[in-house]
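K.L.:
The sequence and its predicted three-dimensional model are supplied below.
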Amino acid sequence: MTIGIDRSPISNATHASSGAPYQAISSAGSWPAEFEGGGGLFASGSVGGTWFAYPSSANVIPDGDLRVLVAQFTTAGVVSGTLGLQIIPEEAPSDSTNDYRLPFTFTTQGLGDYVPVFPEICSCTNTDNDYICDDVDPCIGAEDACGICNGPGEIYECGCADIPEGDCDCDGNQLDAIGVCGGSCTEDLDNNGTCDDSEVLGCTDLEASNYNSEATQDNGSCFYLGCTDPTASNFDNTADTDDGSCTYPGCTDPTAWNYDATANLDDGSCQANACGIEGQLVEVTNYAYTPAQVTIATGEVVIWQNNSTSLHNVNGDVNSQTDESFNNPETFSLPNSVGNEQGVCMGSYTFTIPGVYQYDCSIGIHAALGMVGTITVGTGGCLDPQATNYDASAEFDDGTCIFSGCINGAACNYDSNATNDDGSCVFPTGCQTCSGATDGSGTTVDNDADQDGVCDQDELLGCTDASAACNYDATPTTDTDNSLCVFATGCQTCSGADRRQRNHR
């Protein structure tokens, strides 16, 4: 087997004109050993029997008659066979998509005679490039899978044909009693899609509580759980078996005004009082406001709720018992109202002015029977800066001011405004008297100008000239007035008596 040479190549031998080297051919497959050993030449398999020369070798260059030797045999018999020739042009891409493939059958019968099976590739028109000239090509194009030249292929249900009438598939099967192709069911009397000998009884309603996914035939056992009480918020008119799920919305807080003992689902409707607003609640019953004394911050709300079946009101204007004004910081009132045991909203009032408010029920003698109340708004305290307990943060004066000072009327610094004795009282002694002020600014008056222990109003004037006055007065408490002195003149002499007044002769 060879390509282009009839013997082993001489080392470094090249083609005369191209200079390309001659090379030994290469082969694939195990066939050469058998052939060289004298056996037949049979090559098959994924590769086949292949021998080839590379385009770079001189082997592939044809001779002057454009022939290339591909094999030479020495035999006494006839050599025949089929040979597939592949020629790859020098300029062809590496994927060999532009190659020439020339399959032909040969025989040595009548050696020297070449019997072409396929004409040379360039000697005829070959539209579909199948190496068969169009004038002898049974199919110019390609046969489809059904053997039709240029046909549409296997486009029918069974490939090249439709399913035969009466059959359900391409294998000749027919539908059974439940419509299964090739199935074995012979009878389905209720036409439910399950063979009669395979029926499973049970509830087949998907909406039922006891739906059985394995059941194929309904036996009337279905039941439907849910709330069957028409008064419940979740009443289910499709349910036939109560499952205890009924819900009754309402207020569930026992301390709320509108507590509903029948409710089991709190709906957020709870109210602290009948008025449904935040504030200090006063419950109105027969002849009483409870609580009667209320203290709130300025700006807060007081709510009145009538829990009796009697008619009551709220009067914060004129005292029903004295017909005199309550003199509240501002008047307020609520109209007549009849209540009930649960309580009816009478109304509310927002107090924005600090102070103490009095009110009563002005109906009949309700006030006289004790139906009165007091509301203290804000923080009370002493607002007099002069008071000992002055409170600048107080919102209104509550009459609690304390004034410290002397509260004893006999004291010189007695303060008629003082409410708390602070131990500062000052009392007159000796000749002292009080200045007379009663506002705490009073003082003591000395009344002994010469500090001799004799009150000024009790002082005696006399002559204190002890040198010659006959009426010299030696009493220590005598105040000097020497204009009163009597002196002896002429033959006169003093009587000599040492007394307040001495006579002269």
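P.N.:
Happy to help now that I have it. Numbers count the residues shown, from 1 in each chain.
K.L.:
which residues does the closest residue to residue 340 other than its chain neighbours contact?
P.N.:
Nearest residue to residue 340 in three dimensions, chain neighbours excluded: residue 309, at 6.3 Å (CB to CB, 6 or more residues apart in numbering). All C-beta spots, glycine's among them, are computed from the backbone N, C-alpha and C. Residues near residue 309 by CB atoms under 8 Å, 6 or more residues apart in numbering: 338-341.
K.L.:
pLDDT at residue 309, what is it?
P.N.:
For residue 309, the pLDDT comes out at 95.
K.L.:
In CSV, list the contacts of residue 309 along with distance to residue 377, secondary structure and neighbour count.
P.N.:
What follows is the contacts of residue 309, written out as CSV (distance: CB to CB, whole Å; DSSP: H, G, I helix; E, B strand; the rest coil; neighbours: other CB atoms under 10 Å):
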residue, distance to residue 377, secondary structure, neighbour count
338, 28, strand, 12
339, 25, coil, 22
340, 30, coil, 11
341, 31, coil, 8
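K.L.:
Show me which of those residues is closest to residue 126.
P.N.:
Checking the contacts of residue 309 against residue 126 by CB to CB gives residue 340 as the nearest, at 113.3 Å.
K.L.:
Contact partners for the closest residue to residue 341 other than its chain neighbours?
P.N.:
Spatial nearest neighbour of residue 341, chain neighbours left out: residue 307 (6.6 Å); criterion: CB to CB, 6+ apart. Contacts of residue 307 were listed using CB under 8 Å, 6+ apart, and they are 283-285, 339-344.
K.L.:
Ok, residue 154 next?
P.N.:
Counting by CB under 8 Å, 6+ apart, residue 154 has contacts 144-146, 160.
K.L.:
same question, residue 134
P.N.:
124-128, 140.
K.L.:
The residues you listed, buried ones only, as a ChimeraX selection?
P.N.:
What follows is the ChimeraX syntax selecting those of the contacts of residue 134 that are buried according to 16 or more other CB atoms under 10 Å:
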select :126,140
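K.L.:
And the contacts of residue 134, which is closest to residue 419?
P.N.:
Nearest to residue 419 among the contacts of residue 134, with distances taken as CB to CB, is residue 128, at 134.1 Å.
K.L.:
Am I right that the closest one is in contact with residue 142?
P.N.:
Yes - with contact defined as CB atoms under 8 Å, residue 128 reaches residue 142; the gap is 7.0 Å.
K.L.:
chain center to stretch 362-369: distance?
P.N.:
56 Å (CA atoms, centre = their mean, to the nearest Å).
K.L.:
Name the residues that touch that stretch?
P.N.:
Against stretch 362-369 from outside (CB under 8 Å, 6+ apart): 287, 311-313, 315, 318-321, 336, 360-361.
K.L.:
Buried ones among the residues you listed?
P.N.:
Burial by neighbour count, 16+ other CB under 10 Å: within those this picks out 287, 312-313, 315, 319-320, 360-361.
K.L.:
what's the average pLDDT for stretch 185-196?
P.N.:
Mean per-residue pLDDT for stretch 185-196: 86.
K.L.:
Now that stretch: buried residues?
P.N.:
185, 188, 194-196.
K.L.:
and of those residues, the nearest to residue 477?
P.N.:
Relative to residue 477, the closest of these is residue 194; by CB to CB it sits at 149.7 Å.
K.L.:
got the contact list for the closest one?
P.N.:
Counting by CB under 8 Å, 6+ apart, the residues that residue 194 touches are 178, 188, 200, 216-217.
K.L.:
Make a markdown table from those and add secondary structure and distance to residue 13 to it.
P.N.:
A markdown table is the format used below for the contacts of residue 194 (DSSP: H, G, I helix; E, B strand; the rest coil; distance: CB to CB, whole Å):
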| residue | secondary structure | distance to residue 13 |
| --- | --- | --- |
| 178 | coil | 83 |
| 188 | coil | 88 |
| 200 | coil | 90 |
| 216 | coil | 89 |
| 217 | strand | 94 |
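K.L.:
will you turn those residues into CSV that also has distance to residue 348?
P.N.:
Converted to CSV, these look like this (distance: CB to CB, whole Å):
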residue, distance to residue 348
178, 77
188, 77
200, 70
216, 70
217, 69
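K.L.:
May I see the PyMOL selection of the buried members of those?
P.N.:
The PyMOL selection below is limited to those of these classed as buried (16+ other CB under 10 Å):
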select buried, resi 178+188+216
